[in-house]
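A.B. asks: Kindly return the folded structure for what I paste below:
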Amino acid sequence: MGDNIVHDFSGDDEDFLSEEELEFLEDSSPKYILDSEEEINIELKNFSEAYHSGLSLSNSLERKIKRLIKKSHVLDDEEEEKVRKKFLDLSNKMVVCNKKISELIRIIYEFCEANDKFWCYSSVDVYKSNYSVLKVIFSEKYPISNELDFLKSEYQYFYLNKENKVNVVHKEITNKYLNGFLYFNSKLDFENDMFFSLVNQRKIDFIAEEIKSHGFQIEALQDGDEIKINLIPIVESFIDNDEDTSLNLSQLPSYSLAERYEILVQLGIENIISKLDTSKNSKNMLLGLIMGVSVENAKKLLNGTYKLNPDKEKAKIKKAEITNEIKDFMERNKIKLNK
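C.D. replies: Down below sits the predicted model:
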């Protein structure tokens, strides 16, 4: 990378928005594969300086645009026209600036792939090559943890992290210059936003398969404004392969969680679980295993707090519909319940 300009954006001088100063990201032809760690560090340092220069400029442009919008409400027609032109000029420059930031992030990705450098946006291949090291670091930081704890932590990071926040485990093996690439998602253009979303998804898929190999599956649970990730055991189904008795899964009704729970209620299984001489948590775990859901959802089903609809009246109507549907299902299939 060439020399990078570091701007001071503390003042209100309009001249800092000149085209000349927007050239800080113009060098888009770095030498990808370098011979030594020293050369790689120099290049990454240049990338880092260019990125932070661009990010600072973009944020300053955004603040200036917001001030213009606020100011425009108290101007006469002549002054308002001047502000409008200035607004368009600043907006166009911010688009250019963000586009260059987006291009730079993609260049950094290609550079890191060519030199096998790990960072928050590594490909799944680079992630896999560092996977074992990350597990060791996690276990050293959290001695009471196991591999599932590590996998859940990694899944949550890639699934929920929308601002490239620092991962303390990843930081241990990430070059110091690459650790500073935060909060750039809002600067990505559509093409690169889609590209990095797919890069992220490949890692999520890999981690999900690792979790599955340990006999668990992932459940994302909405808890107010937050999303919680739970790992629940995979319930094996044993189906008779005899031609006369084999079950075609496509013939089964697609019942919701609440409807499947109602089957247990009408069969009396829910009543059996409720009367067990054990703790509430054990009852929740038992129901979770039977239904293949998280302990949290099992708890809500057992204590009656599982929401069918935010509106109480609509929830009552839905509950009645579910009860009638399962009764009809029992009758259609000639399933007689013991009174």
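
A.B. asks: For residue 143, give its distance to residue 131.
C.D. replies: 20 Å (Cβ to Cβ, to the nearest Å). C-beta here means a position set from N, CA and C on the backbone, and glycine is covered the same way.

A.B. asks: So those two - more neighbours on which side?
C.D. replies: residue 131 (16 against 6; other Cβ atoms under 10 Å).

A.B. asks: all helices for the stretch 1-150 of the chain, in order.
C.D. replies: 37-71, 77-114, 124-141, 147-160 (DSSP state H, counting those that start in this stretch).

A.B. asks: who does the longest one touch, helix- and strand-wise?
C.D. replies: What that stands for is helix 77-114. Secondary-structure packing of helix 77-114 (3 or more Cβ pairs under 8 Å, 6 or more residues apart in numbering; DSSP states H and E): helix 37-71, helix 190-213.

A.B. asks: now the shortest one
C.D. replies: If contacts are counted by 3+ Cβ pairs under 8 Å, 6+ apart, helix 147-160 sits against helix 124-141, helix 190-213, strand 216-223, strand 226-233.

A.B. asks: likewise the first one?
C.D. replies: Taking 3+ Cβ pairs under 8 Å, 6+ apart as contact, the helices and strands that helix 37-71 lies on are helix 77-114.

A.B. asks: still on that earlier bit, mind putting the helices of the stretch 1-150 of the chain into a markdown table with mean pLDDT and distance to residue 206?
C.D. replies: Below are the helices of the stretch 1-150 of the chain laid out as a markdown table (pLDDT from 0 to 100; distance: least, Cβ to Cβ, whole Å):
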| stretch | mean pLDDT | distance to residue 206 |
| --- | --- | --- |
| helix 37-71 | 81 | 25 |
| helix 77-114 | 83 | 16 |
| helix 124-141 | 90 | 5 |
| helix 147-160 | 89 | 9 |
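
A.B. asks: Give the closest residue to residue 108 in space, chain neighbours not counted.
C.D. replies: residue 47 (5.2 Å; Cβ to Cβ, 6 or more residues apart in numbering).

A.B. asks: Show me the domain layout of this structure.
C.D. replies: The chain breaks down by automatic domain parsing into domains covering 1-115, 118-234, 255-332.

A.B. asks: how much space is there between the residue nearest to residue 108 and residue 107?
C.D. replies: Taking Cβ to Cβ, one finds residue 47 at 8 Å from residue 107.

A.B. asks: Between the two, point out the one with more neighbours.
C.D. replies: Neighbours of residue 47 and residue 107, each counted by other Cβ under 10 Å, are more numerous for residue 47; the result is 23 against 19.

A.B. asks: my guess is the more buried one meets residue 111, correct?
C.D. replies: Yes. Applying Cβ atoms under 8 Å, one finds residue 47 in contact with residue 111, separated by 7.2 Å.

A.B. asks: Distance to residue 255 for the helices of the stretch 1-150 of the chain - can I get that in JSON lines?
C.D. replies: Listed next are those as JSON lines, based on distance: least, Cβ to Cβ, whole Å:
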{"stretch": "helix 37-71", "distance to residue 255": "49"}
{"stretch": "helix 77-114", "distance to residue 255": "44"}
{"stretch": "helix 124-141", "distance to residue 255": "35"}
{"stretch": "helix 147-160", "distance to residue 255": "27"}
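
A.B. asks: Quick one, which of those helices gets closest to residue 195.
C.D. replies: Taking Cβ to Cβ, helix 77-114 is the member of these nearest to residue 195, at 7.2 Å.

A.B. asks: rewinding a little: include distance to residue 273 when you put the helices and strands packed on helix 147-160 into a markdown table, please.
C.D. replies: As requested, the helices and strands packed on helix 147-160 are arranged in a markdown table below (distance: least, Cβ to Cβ, whole Å):
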| stretch | distance to residue 273 |
| --- | --- |
| helix 124-141 | 36 |
| helix 190-213 | 27 |
| strand 216-223 | 20 |
| strand 226-233 | 17 |
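
A.B. asks: and residue 94, which of those is closest to it?
C.D. replies: The nearest among these, by Cβ to Cβ, is helix 190-213 at 16.0 Å.

A.B. asks: Let's see that closest one as PDB, backbone CA atoms only.
C.D. replies: Provided in PDB are the C-alpha atoms of helix 190-213 (Å, rounded to 0.1, in the frame of the first residue of the first chain):
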ATOM      1  CA  PHE A 190     -24.500  -4.700  -1.300                       C
ATOM      2  CA  GLU A 191     -22.200  -7.000  -3.200                       C
ATOM      3  CA  ASN A 192     -19.600  -7.200  -0.400                       C
ATOM      4  CA  ASP A 193     -22.200  -7.300   2.300                       C
ATOM      5  CA  MET A 194     -23.600 -10.400   0.600                       C
ATOM      6  CA  PHE A 195     -20.200 -11.900   0.100                       C
ATOM      7  CA  PHE A 196     -19.200 -11.600   3.700                       C
ATOM      8  CA  SER A 197     -22.600 -12.800   4.900                       C
ATOM      9  CA  LEU A 198     -21.900 -16.000   2.900                       C
ATOM     10  CA  VAL A 199     -18.400 -16.300   4.300                       C
ATOM     11  CA  ASN A 200     -19.900 -16.000   7.800                       C
ATOM     12  CA  GLN A 201     -22.600 -18.500   7.000                       C
ATOM     13  CA  ARG A 202     -20.100 -21.200   5.900                       C
ATOM     14  CA  LYS A 203     -18.500 -21.000   9.300                       C
ATOM     15  CA  ILE A 204     -21.900 -21.200  11.000                       C
ATOM     16  CA  ASP A 205     -22.700 -24.300   9.000                       C
ATOM     17  CA  PHE A 206     -19.300 -25.900   9.900                       C
ATOM     18  CA  ILE A 207     -19.900 -25.300  13.600                       C
ATOM     19  CA  ALA A 208     -23.400 -26.600  13.400                       C
ATOM     20  CA  GLU A 209     -22.200 -29.900  11.900                       C
ATOM     21  CA  GLU A 210     -19.600 -30.200  14.700                       C
ATOM     22  CA  ILE A 211     -22.300 -29.700  17.300                       C
ATOM     23  CA  LYS A 212     -24.400 -32.300  15.500                       C
ATOM     24  CA  SER A 213     -21.500 -34.800  15.600                       C
END
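
A.B. asks: Cheers, nothing more for now.
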